[in-house]
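1. Just need the structure, nothing else, for what follows:
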Amino acid sequence: MHRTFHGRDDRPIVYLAAGSSQLRWPLFVYIHLNELAAELGVQLVVSGAAEIEGAPFPHVLCVPFAPQIDLLPRVDAFVTHGGANSVMEAAYCAVPLLVIPMTNDQPIQAFFVASSGLGQSLAPADCTKARLRAALLELLDKNGRHHARAKLIGAAYRRRDGAHEAAQQVMAALARDG
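-> Residues are numbered from 1 along each chain as shown. Next up is the predicted model:
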């Protein structure tokens, strides 16, 4: 699948969304990712960043909201807090992830992402510029293991309609118990 953002150019796209954890990531994580996007020639799309919307960086697009499920099929890598919805949506869309977990179920989601090969995980304190660079380069490698695993996992997700199957099971349970 050819991925471009609004057809503007052929730069890889890294989508950054930290959900409800956004304000908890240390500022240096954002600074490093901004610098790396420029250095690596990446288009960085930052969702939930209304306070920096319209930032004067040609490699950064900041928006207060992005329709994530519509955007994910068009990106090359996804940097996220690792919420369950974000991980499942990225898996469905076959997008490699860099998970920077903060709280609740995010560390276990990060573990599953890393152990499945769908992506990598870094603790916020470990997000040095060098580690983020290495992670991004590996995730953006179209011939690398993370893209290969993402394609396999995405295909497995798309073969099943989990929401439909869950609804059928709920309806069956209600019919039995009702």
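
2. Please, where are all the helices along the protein?
-> Secondary structure of the chain, counting by DSSP state H: helices at 27-40, 68-71, 84-92, 106-116, 129-140, 145-159, 162-177.

3. Return the most buried member of the ones you listed.
-> Mean neighbours per residue, mean count of other CB atoms under 10 Å, is largest over these for helix 84-92, with a mean of 19. From N, CA and C alone the C-beta is placed, and that goes for glycine too.

4. follow-up on the earlier one: for the helices of the chain, which one sits closest to residue 13?
-> helix 68-71 (8.7 Å; CB to CB).

5. and the closest residue to residue 26 other than its chain neighbours, how many neighbours?
-> Counting by CB to CB, 6 or more residues apart in numbering, residue 26 lies nearest to residue 124, which is 5.6 Å off, once chain neighbours are set aside. Other residues within reach of residue 124, judged by other CB atoms under 10 Å, total 15.

6. hang on, the earlier thing: who wins for proximity to residue 10 among the helices of the chain?
-> helix 129-140 (12.8 Å).

7. Now do that closest one, average pLDDT.
-> Averaged over helix 129-140, pLDDT sits at 97.

8. Need the residues that contact that helix.
-> Identification of contacts with helix 129-140 by CB atoms under 8 Å, 6 or more residues apart in numbering yields 12, 14, 29, 32-33, 35-36, 39-40, 42, 76-77, 96-98, 119-120, 122, 144, 146-147.

9. what is the orientation angle of it with helix 27-40?
-> Helix 129-140 runs at 60 degrees relative to helix 27-40, counting by axes from the mean of the first three to the mean of the last three CA atoms, to 10 degrees.

10. what about helix 129-140, distance to the chain center?
-> Counting by CA atoms, centre = their mean, to the nearest Å, helix 129-140 is centred 14 Å from the centre of its parent chain.

11. shaky segments in the chain?
-> The model of the chain has pLDDT under 70 over residues 1-8, 20-23, 49-56, 178.

12. On the strand side of things, show who residue 62 bridges to.
-> Beta-bridge partners for residue 62, by DSSP bridges, are residue 46.

13. Kindly tell me how buried it is, as a neighbour count.
-> Counted with other CB under 10 Å, residue 62 comes out at 19.

14. my guess is it contacts residue 37, does it?
-> No. Counting by CB atoms under 8 Å, residue 62 sits too far from residue 37 to count as a contact (11.7 Å).
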